[in-house]
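K.L.:
Kindly return the folded structure for what I paste below:
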Amino acid sequence: MTLHRRTLARAALLALVAGATFASSTAFAQNNVLRIVPHSNLAILDPIWTTAYMSRNHGYMVYDTLFGTDEKSQIKPQMVESWTESADHRLWTFKLRKGLEFHDGKPVTSEDVVASLARWGKRDAMGSALMQFVQRMDTPAPDTFRIFLGEACGFVLEALGKPSSNVPFIMPRRVAETDAFKQIEDFTGSGPYIFKKDEFKPGDKAVYLKNPKYLPRSEPPSGTAGGKRVYVDRVEWNLALRDAQAQVNALQKGEVDIVEQPPSTTTRP
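P.N.:
Here you go, the predicted model:
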């Protein structure tokens with residue numbers, strides 16, 4: 001069975017997985033566990049430090065974004081509830097949705113956002129370009145942040161809602177204040193899944209658990225925008241199964257549920 005990219009996003013929240021995806025004809029997720037063979041190894045866990053797609057996909061599992069890009073390439077709010085732009089286009093004011101919470105139970109605040117954007121702006125090309133216009137950012141309220149520009153910039157929302165590497169994921173301030181040229185060691189996010197660091201085995205397995213406190217948006221999922229609803233309690237990435245034929249065999253036997261990047265040709269048993 002071939003799964004559409006949007007279906008995969010709903011099931012595993014790998015909203016940006018490219019290419020065809022094959023799923024076994026057995027139960028989509030046995031025992032409420034979805035077992036995926038991703039396209040490559042997850043070597044780096046800091047999605048701001050690297051542009052690797054696997055790190056980006058990991059980021060979408062664990063973190064949330066201020067805006068998303070829908071299937072029509074339109075920028076839509078995600079963590080943001082509302083925003084305004086001044087008449088001269090130099091002051092942008094954003095208000096966060098209510099109920100946003102990190103995995104450790106602490107609320108997401110505007111200070112977390114500003115710190116996250118500042119770190120991202122030092123690593124990402126589009127973020128760096130945006131920061132050339134930014135005079136300062138401030139936090140007039142716990143749920144409100146502002147961006148002051150020296151002159152009008154036509155890609156503010158496009159930068160904040162960019163769908164691929166490097167994505168401006170929002171992290172706790174204590175994590176976002178990590179030197180931009182040093183990898184983070186704390187993977188606390190506010191996204192739909194919680195990363196099980198104690199079960200992570202580089203080159204072998206990565207595990208994510210459903211975040212029971214995550215509040216998805218009400219809109220239907222579309223690209224990286226809309227409601228990110230979680231349908232399984234546990235997602236396991238099999239990082240060790242790299243042989244193409246072995247992947248197909250495991251799929252046919254029901255040992256895995258999804259192969260992200262199936263081979264173009266395989267040997268039939």
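
K.L.:
And I170, how close does it get to L251?
P.N.:
In this structure, I170 and L251 are 35 Å apart, going by C-beta to C-beta, to the nearest Å. For the C-beta atoms, the positions are set from N, CA and C on the backbone; glycine is no exception.

K.L.:
which of these two has more neighbours?
P.N.:
Using other C-beta atoms under 10 Å as the criterion, I170 and L251 rank with I170 on top: 26 against 23.

K.L.:
Quick check: chain neighbours aside, which residue is closest to the more buried one?
P.N.:
By the measure of C-beta to C-beta, 6 or more residues apart in numbering, the closest residue to I170 outside its immediate chain neighbours is S116, 4.7 Å from it.

K.L.:
part of a helix, is that neighbour?
P.N.:
Yes: counting by DSSP: H, G, I helix; E, B strand; the rest coil, S116 is found in a helix.

K.L.:
hey, what's the closest residue to T224 other than its chain neighbours bridged with?
P.N.:
What sits nearest to T224 in space, not counting adjacent residues and going by C-beta to C-beta, 6+ apart, is G68, at 3.9 Å. Assessed by DSSP bridges, G68 has beta-bridge partners K76.

K.L.:
how near is G68 to Q74?
P.N.:
For G68, the distance to Q74 equals 10 Å [C-beta to C-beta].

K.L.:
next one: V207
P.N.:
34 Å.

K.L.:
Name the helix or strand for the residue nearest the centre of the chain, please.
P.N.:
The chain has Y60 as the residue nearest its centroid, 1.5 Å off, counting by C-alpha atoms, centre = their mean. Per DSSP states H and E, Y60 falls inside helix 53-62.

K.L.:
tell me how far the helix or strand just after that helix is from the chain's mean position?
P.N.:
Next helix or strand after helix 53-62 toward the C-terminus (DSSP H and E): strand 64-65. Remark: strand 64-65 is offset 6 Å from the chain centroid, using C-alpha atoms, centre = their mean, to the nearest Å.

K.L.:
per-residue confidence averaged over strand 64-65?
P.N.:
In this model, strand 64-65 has an average pLDDT of 98.

K.L.:
beta partners for the residue lying closest to P140 once chain neighbours are set aside?
P.N.:
With C-beta to C-beta, 6+ apart as the criterion, P140 has its nearest non-adjacent residue at 6.5 Å, and that residue is R146. With DSSP bridges as the criterion, R146 is bridged to T93, D138.

K.L.:
How many neighbouring residues does R146 have?
P.N.:
By other C-beta under 10 Å, 19 other residues sit near R146.

K.L.:
Would you mind listing the residues in contact with it?
P.N.:
L91, W92, T93, F94, M137, D138, T139, P140 (C-beta atoms under 8 Å, 6 or more residues apart in numbering).

K.L.:
And what about the closest residue to the first one other than its chain neighbours, helix, strand or coil?
P.N.:
When you say that, I think you mean L91. Spatial nearest neighbour of L91, chain neighbours left out: F148 (5.8 Å); criterion: C-beta to C-beta, 6+ apart. Put simply, F148 is strand when judged by three-state DSSP.

K.L.:
Brilliant, that's me finished.
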